[in-house]
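K.L.:
fold the stuff below for me.
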Amino acid sequence: MKAMIKRELEQSASIISSIDPTQVHAIADAMTVALKAGSKVVFFGNGGSAADAMHLAAEFNGRYLFDRPALKALSFCSISAITAIGNDYSYDDVFCRNVESIVQRGDVVVGISTSGSSKNVLKAIRRAKEMGAVTVGFTGIKGALKDETDLALTIPTDRTPRIQEGYMAAGHVICGLVENAMFAKKAAFIDRDDTIVKDVPYCPRPEDLKVFPGVGKAIKRLNDAGYLVIIVTNQSGVARGKFTEATLAKIHEKLRADIAAEGGKIDAIYYCPHHPDEGCKCRKPNLGMIERAIDEHHISLGDSFIIGDSAHDVELGKRLGIKAIQVSEGYTFVKAIGDLLKN
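P.N.:
Model (predicted):
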């Protein structure tokens with residue numbers, strides 16, 4: 001029994017990990033464009049797909065990962081409407097009639113069908129396309145739905161349970177992408193040593209921390225421009241026994257205070273305490289610290305940048321796919337921020 005359960009879970013995980021991320025991204029982008037334009041997203045399907053349609057619409061109406069304004073989305077799930085249309089016309093018309101009454105040009109219309117052949121889903125998708133909506137299909141590898149929509153999320157299997165698990169996993173990713181694109185914040189990820197403070201090897205005391213001139217005012221400019229200011233710094237001195245995390249906390253208290261004295265605000269500080277040989281996931285240029293910041297502060301990477309003095313900072317920017325700025329004695333943090341905000 002355990003072997004069977006493990007096999008089922010492994011199959012599900014394998015299918016989910018094989019979903020084409022470009023399809024997910026394209027659908028999220030289309031929904032974001034529509035919602036920003038004041039249009040809406042509509043979901044529908046039969047049976048379990050109807051429940052999934054309600055689920056996804058609720059993620060937009062309510063919240064997915066963080067509090068924000070409601071997003072315009074609905075599902076065609078009224079039992080009264082479905083049975084009335086099915087009785088008076090045909091079950092093939094239950095979604096099409098809803099499309100005709102509610103959908104407008106520019107809306108995104110998502111038809112969900114594990115078989116890809118549900119007649120009522122296909123009929124509604126065709127009508128929505130005629131009306132100028134962007135059509136999306138959540139389906140498997142069989143049936144016509146994937147070929148009749150503008151965008152398709154094609155789960156790479158013909159097994160119904162795996163298709164359902166796949167499009168709900170991808171659906172949640174889409175919800176997160178749309179939520180971030182609509183409401184997430186931009187961030188300035190800033191290195192510490194030799195970027196905003198003079199590098200004191202394994203700085204052991206708060207009084208040894210010296211902020212470069214003008215840094216506090218430059219950070220205030222970032223604050224005023226709507227950036228979260230996030231410090232990301234490798235501090236292997238903890239693992240080497242040069243100072244404790246309690247001492248590091250006091251050093252960072254002084255850093256916050258020095259920046260505040262010039263009107264600036266540091267929103268968060270993330271540090272890696274590990275030795276370079278430990279192979280941790282947080283030491284730059286690894287992504288660990290940034291991933292924590294994204295999750296905890298709801299950051300949109302597309303509008304963010306990283307700035308630091310080392311090749312590790314530049315490499316981290318490349319791995320994230322964001323702008324990376326390298327500073328030096330000749331091109332200081334203050335100058336770089338001035339150029340960035342001017343442009």
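K.L.:
counting neighbours, what do you get for the nearest residue to Ser118 once chain neighbours are set aside?
P.N.:
Once flanking residues are discounted, Ser118 sits nearest to Asn46: 5.7 Å by C-beta to C-beta, 6 or more residues apart in numbering. Placement of C-beta: from N, CA and C, glycine included. By other C-beta atoms under 10 Å, 19 other residues sit near Asn46.
K.L.:
thought Asn46 was touching Lys119?
P.N.:
No: between Asn46 and Lys119 there is no contact under C-beta atoms under 8 Å: 9.8 Å.
K.L.:
how confident was the prediction at the residue of the chain positioned farthest from its centre?
P.N.:
Relative to the C-alpha centroid of the chain, counting by C-alpha atoms, centre = their mean, Asp88 is the outermost residue, at 43.9 Å. Predicted confidence (pLDDT) for Asp88: 95.
K.L.:
packing partners of the helix or strand harbouring Ile306?
P.N.:
Using DSSP states H and E, Ile306 sits in strand 305-308. When contacts are defined as 3 or more C-beta pairs under 8 Å, 6 or more residues apart in numbering; DSSP states H and E, strand 305-308 sits against strand 187-190, helix 311-320, strand 323-326, helix 333-342.
K.L.:
one more time with 7 Å
P.N.:
Using 3 or more C-beta pairs under 7 Å, 6 or more residues apart in numbering; DSSP states H and E, the elements in contact with strand 305-308 are strand 187-190, helix 311-320, strand 323-326.
K.L.:
of all the ones you listed, which one comes closest to Lys198?
P.N.:
Closest to Lys198 of the helices and strands packed on strand 305-308, according to C-beta to C-beta: strand 187-190, at 15.0 Å.
K.L.:
what does that closest one contact?
P.N.:
Strand 187-190 has contacts (C-beta atoms under 7 Å, 6 or more residues apart in numbering) with 196, 222, 227-232, 290, 293, 297, 299, 304-307.
K.L.:
report the buried residues of it.
P.N.:
187-190 (16 or more other C-beta atoms under 10 Å).
K.L.:
tabulate the residues you listed (TSV), appending distance to Lys250 and pLDDT.
P.N.:
Putting these into TSV (distance: C-beta to C-beta, whole Å; pLDDT from 0 to 100) gives the following:
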residue	distance to Lys250	pLDDT
Ala187	25	97
Ala188	24	98
Phe189	23	98
Ile190	20	98
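K.L.:
for these, could you give me CSV that also reports distance to Ala51?
P.N.:
Listed next are these as CSV, based on distance: C-beta to C-beta, whole Å:
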residue, distance to Ala51
Ala187, 37
Ala188, 42
Phe189, 40
Ile190, 45
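K.L.:
between these, which is closest to Lys342?
P.N.:
Distances from Lys342 to the buried residues of strand 187-190, taken by C-beta to C-beta, are shortest for Ala188, at 15.1 Å.
K.L.:
and the closest residue to the closest one other than its chain neighbours, how far is that from Leu122?
P.N.:
Distances taken as C-beta to C-beta, 6+ apart put Tyr227 closest to Ala188, at 4.5 Å, once the chain neighbours are dropped. According to C-beta to C-beta, to the nearest Å, Tyr227 stands 46 Å off from Leu122.
K.L.:
show me what contacts Gln23?
P.N.:
152-154.
K.L.:
in the helix or strand hosting Gln164, which residues are buried?
P.N.:
Per DSSP H and E: Gln164 is located in helix 160-183. Neighbour counts over helix 160-183 (16+ other C-beta under 10 Å) mark 162-171, 173-182 as buried.
K.L.:
likewise for stretch 51-62?
P.N.:
So, applying 16+ other C-beta under 10 Å, buried residues of stretch 51-62: 52-54, 56-60.
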